[in-house]
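Trainee: Pasting the sequence and the predicted model now:
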Amino acid sequence: MATPTKTLNVCGKICPYPDMDTMTTLKKMQKGEVLEVLLDYPLSVERIPRNLKKQGHKLISVEQLSGPNHRMLIEAHGLK
């Protein structure tokens, strides 16, 4: 499994903030760096992967933790 370069915790936030925070963080990362996103908003678990594809980032994995909590690993494409 990929080792995260940075962790973003958006637990407790609702749309559109988890999505926006994730994309903003990825824009600041270098190509190949891995972002770990911790989230608990179900709609964002569906929306973030779609937005990643549009922006050219790579979704490495989505893991359901306890209850509504999820962990995503995303590889940045690095187009600053």
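Mentor: Cool, the structure landed. Numbering: from 1, shown residues only.
Trainee: hey, let's count contacts and neighbours off CA atoms from now on
Mentor: Will do.
Trainee: Restrict stretch 1-13 to CA atoms and write it as PDB.
Mentor: Only the C-alpha atoms of stretch 1-13 are listed here, as PDB (Å, rounded to 0.1, in the frame of the first residue of the first chain):
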ATOM      1  CA  MET A   1       0.000   0.000   0.000                       C
ATOM      2  CA  ALA A   2       1.200   3.500  -0.800                       C
ATOM      3  CA  THR A   3       2.600   5.600   2.100                       C
ATOM      4  CA  PRO A   4       0.800   9.000   2.500                       C
ATOM      5  CA  THR A   5       2.800  12.200   2.000                       C
ATOM      6  CA  LYS A   6       0.100  14.200   3.600                       C
ATOM      7  CA  THR A   7      -3.100  13.600   5.600                       C
ATOM      8  CA  LEU A   8      -6.300  15.600   5.200                       C
ATOM      9  CA  ASN A   9      -9.000  15.100   7.900                       C
ATOM     10  CA  VAL A  10     -12.400  16.400   6.700                       C
ATOM     11  CA  CYS A  11     -14.500  14.400   9.200                       C
ATOM     12  CA  GLY A  12     -17.500  16.500  10.400                       C
ATOM     13  CA  LYS A  13     -17.600  18.500   7.200                       C
END
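Trainee: in that stretch, what counts as buried?
Mentor: 8, 10 (16 or more other C-alpha atoms under 10 Å).
Trainee: which other residues reach it?
Mentor: Residues outside stretch 1-13 that contact it (C-alpha atoms under 8 Å, 6 or more residues apart in numbering): 17-18, 21-22, 33-41, 60, 69, 73.
Trainee: and those residues, which are buried?
Mentor: Using 16+ other C-alpha under 10 Å, the buried ones in the contacts of stretch 1-13 are 18, 22, 33-41, 73.
Trainee: Lowest-scoring secondary structure element of the chain by mean pLDDT?
Mentor: In the chain, no helix or strand scores lower on mean pLDDT, DSSP states H and E than helix 42-55, which sits at a mean of 94.
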